[in-house]
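Peer 1: Need a 3D model of the sequence below.
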Amino acid sequence: MKRRSSMSSEVRLIPFQVEAVFNYAEEKVPKGVVMVEAPQIWDKAQGEHIVIAVLDTGCQMDHPDLQERIIDGFNFTTDYSGDPENYSDNNGHGTHVAGTIAASLNDGGVVGVAPKADLLILKVLSGTGGGKYDWIINAIHYAIHWEGLNGEKVRVISMSLGGPHDIPLLHEAIKEAIRHEIIVVCAAGNDGDGKEDTFQRAYPGYYPEVVQVGAVDFSRNLASFTNTNDEIDLVAPGVNILSTYLDNNYARLSGTSMATPHVTGAIALLIKISEEDFGRKLSEPEIYAQLIRRTVPLGYNKCAEGNGLLLLYSAIQSLDNVLTSDPQTA
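Peer 2: Below is the predicted model:
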C-alpha cells in the first residue's frame, strides 16, 4: 500500500481546556500578565510598533480590547468561502491568544503583555481547529515578506498549534523566517504525562530553531499536561489564563497554547527596550539571548523547564545584583 504523505495530514490546535467564559473581565490585568512581570516594565516599553504575526484560528477583529492592535491580516483557510480578507475567528482560540499578547491598556476589559504591539492576524486554522500544513507554510512566507503602510516588518511569529509530523517544508519555512531575523515562538504541546524524564514531541515546537514554551500554573508548578523534551526553552503561565474571547467575551483557558503568547508579548517588550539600549536593530540570536536572560530556574529537569520561568523584571535585577556585588562579600 502506498503510504500517504504527511503533507496531506492535518495540523491542529494543540488540545486545550476551556475553563470558563464570561461577559466581563474578572481582572483588568490578568494574573498571567502579572506573573511574568510585564507591568513592571511598561514604563520603559509596551511593544510600540513591534509587529507580531499570530498564526491561529483568526481573531475577532472588532473586539474592544483588540481592534486597535490589529494592523492587518489574511485568511489562508477555506473558511468564509476562502475569502482572504476575512480572518475572523470562528473558534475562540486565536482571539484568546491575541489578547494575552497585546490586548490594549484601555478603560475596560483585560490587558495583554505588550499592550501597544501590532498584530498581523494570519488565519491558518479553521473553526474546527484543523488546518493544512500548506496553509501554515504559506502564512510563514507571507509574514516574512509582509510590509506595512509605513514600512513595518514582522519581528515575531507566534504559533500555538502543532502536529506529530516533522514536515521538511515547514521546517525550512521557519528557518527562512529566522534568516530574516524573525524570532519564532511555539507551544510545546499538551501530551505530557506529568513526568519530567519522558519525552513528548510536537512540531513545529520541537524544531531547535524555535522558542519552545512549556506551561506552569500560578504556583510555579509544572502543568501536568505540558510536553517535556530536550528542546524546551522556557516556561510561562498556562493554567486558567484569562484573556479575550469571541462575542466581546472573556474566557479562562489552559494549555501550552496559553503559555506561548506570554512569551511572544514579552519578546515584543524586550525588542523595544534592547534596541533602544543598543541603538540598533538586534539579530534573532540577540533577541533570544535577551529573552533567556529573563528566566529563573524552578528546580525541574531541563527537559521540563528549559532555562526556567519567564520573569521580565526580577530575573534581570537578580543578575545585575550578582554582577555588581563585591566578590569579597558575595
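Peer 1: so where's the chain shaky on pLDDT?
Peer 2: Applying pLDDT under 70 to the chain flags residues 1-9, 318-330.
Peer 1: Only alpha carbons, please: show the longest helix along it as CSV.
Peer 2: Longest helix in the chain, counting residues (DSSP state H): helix 256-278. Coordinates of each C-alpha in helix 256-278 appear next as CSV, following Å, rounded to 0.1, in the frame of the first residue of the first chain:
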residue,chain,number,x,y,z
THR,A,256,0.8,25.5,26.4
SER,A,257,-1.2,27.5,23.8
MET,A,258,-1.8,29.9,26.6
ALA,A,259,1.8,30.0,27.9
THR,A,260,3.2,30.8,24.4
PRO,A,261,1.6,34.2,24.0
HIS,A,262,3.0,35.4,27.3
VAL,A,263,6.5,34.8,25.8
THR,A,264,5.5,36.3,22.5
GLY,A,265,4.3,39.5,24.1
ALA,A,266,7.4,39.6,26.3
ILE,A,267,9.7,39.4,23.3
ALA,A,268,8.0,42.5,21.8
LEU,A,269,8.8,44.4,25.0
LEU,A,270,12.4,43.2,25.0
ILE,A,271,12.9,44.1,21.4
LYS,A,272,11.8,47.6,22.1
ILE,A,273,13.9,48.0,25.3
SER,A,274,17.0,46.3,24.0
GLU,A,275,17.1,48.1,20.6
GLU,A,276,16.7,51.5,22.3
ASP,A,277,19.6,50.5,24.7
PHE,A,278,21.9,49.3,21.9
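Peer 1: got a list of what the nearest residue to Met258 once chain neighbours are set aside touches?
Peer 2: With sequence-adjacent residues excluded and distances taken as Cβ to Cβ, 6 or more residues apart in numbering, Met258 is closest to Ile241, at 4.0 Å. Every C-beta, even on glycine, is put in place using the N, C-alpha and C of the backbone. Taking Cβ atoms under 8 Å, 6 or more residues apart in numbering as the contact definition, Ile241 lies against 30-32, 96, 100, 252-254, 258-259.
Peer 1: Kindly report the same for Ser314.
Peer 2: Taking Cβ under 8 Å, 6+ apart as the test, what Ser314 contacts is 37, 296.
Peer 1: Same check on Arg252?
Peer 2: Here Arg252 is in contact with 18-20, 240-242 (Cβ under 8 Å, 6+ apart).
Peer 1: Could you do Glu286 as well?
Peer 2: Ser274.
Peer 1: any idea how far it is from Tyr207?
Peer 2: Plainly put, Glu286 is 20 Å away from Tyr207 if you go by Cβ to Cβ, to the nearest Å.
Peer 1: same question, Ile316
Peer 2: 28 Å.
Peer 1: okay, the two: which has more neighbours?
Peer 2: The residue with more neighbours, out of Ile316 and Tyr207, is Tyr207; 19 against 16, by other Cβ atoms under 10 Å.
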